[in-house]
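In: Kindly return the folded structure for what I paste below:
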Amino acid sequence: MKRFPATLSLLGTIVLASATGASSATAANLLANPGFETGGGSYDGWFTFGVGVQLSLPGGDNIIRTGAAASKTFGGFVLCPGGQFNVGGFGQGFTPTAGRTYTLSGHSYIAAADPIPGTTTCTKNRMLAKIAFFDAAVGGNELSSNEVVIGDGNAITEQWNAFSVSALAPAAAVRVEALFLYLQPACDGGAVFVDDTSFDESATVVQPNVLANPSFGTGLTGWTTFGNVFPEAQVPVVRTPTGSAKLFSTFSPDAPSGLFQTTAGSENQLWELEVNALTSCRYNDPITGTNDNYVLARIVYKDASNAEIGTGETVILDNTAPLGTWTRHSVTAVAPAGTVTASAYILFFSPTLQGGAMWIDDVGFRNLGTVDVASAPVRAIELAQNVPNPFSATTRIDFTLAGAGKVDVSVYDLAGRRIANLYEGSLEAGPHAVSWNGRTSSGIAAATGIYQYVVTTPVGRQSRNMLLLP
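Out: From the prediction side, this is the model:
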């Protein structure tokens, strides 16, 4: 089966960010002793569990990003040789405010002298940064969570790598924990260092939504489904209580699984489809490695005869997706002449009929207003991959516009924050290029990691990922 690229036309423009979909301002750090500095180095303010939680100090490992100490975590080596699954780590707890977004960030490091072996994340050692919400039951039941792998066998060694993960507080949550978990499935070695952590709270902007049951709280009510689509209620694969939707292959050539909803639409309306997507090590069914399954978010426009007259789409999940992390994706598209309906589709494709599952939650479909195409004639963005990529000094970004108009080219981190503006102004139709030197708008060197460069025009946006090396 052919894999469809994101549509590069008036009808298909995309933006992608791994966040909760929230808009927020910088907030105060809630963590006590975020750099493990108290008393010259300690876990004061943190609770710890497991035997592999130690400190990195100048007289010991001396792997410290700033200050006089950092955290060091490794496996507990329970019942070795032979092994028993072991979890150790540390965290802090707080009382959350429902509907607010919480973000856990910091820096992690793996030394070349003590790396985590193997490159298969789900079956080897890994360290997670996790946000978890709990209810008022005795002992607390986990209501929802989000996590990101901050150390495994695929991590770049001998450098501090920035990480960030966000989650939305559900209504029934009475406790939220900022957690760092070292998972050791067997008796493998390897340690992960963490320093300069932050946990903050910010307001969440509630967006309009025309969809019925967008968060799958009542199963698949309101959605039309085909293929293998099922309601889900297991907490590790639910972004916000009490449900999500699970999709996997039909194991039949040229027959995707999917679901959709349809609403009234009209010419020149700009619609946005937003989806939160997940694939996970949980249940031993991730889309990773050589698994070529992929999932599209697609906007479809139809005329009065129910004929499809326009689309916009983007890939929301494939084998490059971070495991265990809810990521937000969106696609915008302008309705062509003759439009009477607009539909929001999620489509699961399996080119070689492999296993592997994914989940979606908190889907938004909204009319952003009518576009005056005559006064904003930028109708297409052809955005190339930056060159070189990865890069460590300067990289070039090439794009082509089909028409003249206002354009913004910016760089965003994976939490959706704009860190650099590369161009803002009017451009003529044709090819253009900008460069990025790996620095923020304030002139500070950006942390090593994945960033997104986004080209925005009056009718939408297009983005790609790039990797900044030290």
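
In: just for this structure, where's the confidence low?
Out: Scanning the chain for pLDDT under 70 picks out 1-27, 373-380, 415-416, 459-460.

In: Regarding it, what is its longest strand?
Out: strand 357-370 (DSSP state E).

In: So in that sheet, which strands flank that one, and in what orientation?
Out: Partners of strand 357-370 in the sheet, by DSSP bridges, are strand 244-248 (antiparallel), strand 269-278 (antiparallel).

In: residues making contact with the shortest one?
Out: Taking contacts as CB atoms under 8 Å, 6 or more residues apart in numbering, the residues outside strand 244-248 that touch it are 215-216, 220, 223, 227-232, 237-238, 257-259, 278, 285, 293, 295, 346, 348, 350, 355-361. (C-beta placed from N, C-alpha, C; glycine too.)

In: List the buried residues of whatever helix or strand comes next after that strand.
Out: Next helix or strand after strand 244-248 toward the C-terminus (DSSP states H and E): strand 257-264. By neighbour count on 16 or more other CB atoms under 10 Å, the buried set for strand 257-264 is Ser257, Gly258, Leu259, Phe260, Gln261.

In: Could you name the helices and strands sitting against strand 257-264?
Out: strand 224-226, strand 228-232, strand 244-248, strand 341-349 (3 or more CB pairs under 8 Å, 6 or more residues apart in numbering; DSSP states H and E).

In: helices and strands around the shortest one, which ones?
Out: Translated: strand 224-226. When contacts are defined as 3+ CB pairs under 8 Å, 6+ apart, strand 224-226 packs onto strand 257-264.

In: okay, how far is it across stretch 74-93, tip to tip?
Out: Across stretch 74-93, the terminal residues are separated by 22 Å (CA to CA, to the nearest Å).

In: what's the spacing between that stretch and its chain's center?
Out: A distance of 27 Å separates the C-alpha centroid of stretch 74-93 from that of its chain, computed with CA atoms, centre = their mean, to the nearest Å.

In: How about residues contacting it?
Out: 30-32, 43, 45-54, 71, 73, 114, 125, 127, 175-192, 199.

In: Over to stretch 126-133?
Out: 73, 89, 96, 102, 104-106, 108, 116, 142-152, 163, 165-167, 169-170, 173, 175-183, 192, 194, 324.

In: now the longest strand of the chain against strand 341-349, angle please.
Out: Strand 357-370 runs at 160 degrees relative to strand 341-349, counting by axes from the mean of the first three to the mean of the last three CA atoms, to 10 degrees.

In: now the angle between strand 228-232 and strand 357-370, please.
Out: Here strand 357-370 points in a direction 90 degrees away from that of strand 228-232 (the same axes, to 10 degrees).

In: Return the set of buried residues in strand 357-370.
Out: Ala357, Met358, Trp359, Ile360, Asp361, Asp362, Val363, Gly364, Phe365, Arg366, Asn367.

In: Which one of those residues is nearest to Val210?
Out: For the buried residues of strand 357-370, the closest approach to Val210 (CB to CB) belongs to Phe365, at 5.4 Å.

In: Am I right that that closest one is in contact with Leu273?
Out: Yes: at 5.3 Å, Phe365 counts as touching Leu273 under the criterion of CB atoms under 8 Å.

In: which residues are common contacts for the two?
Out: Common neighbours of Phe365 and Leu273 (CB under 8 Å, 6+ apart) are Ala344.

In: circling back to that earlier point, can I get the buried residues of strand 257-264 in a markdown table including distance to Val315?
Out: Formatted as a markdown table, those follow (distance: CB to CB, whole Å):
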| residue | distance to Val315 |
| --- | --- |
| Ser257 | 15 |
| Gly258 | 14 |
| Leu259 | 17 |
| Phe260 | 17 |
| Gln261 | 20 |
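
In: Quick one, which of the contacts of stretch 74-93 are buried?
Out: Buried positions within these, assessed by neighbour count (16+ other CB under 10 Å), are 30-31, 43, 46, 48, 50, 52-54, 71, 73, 114, 125, 127, 176-188, 190-192, 199.
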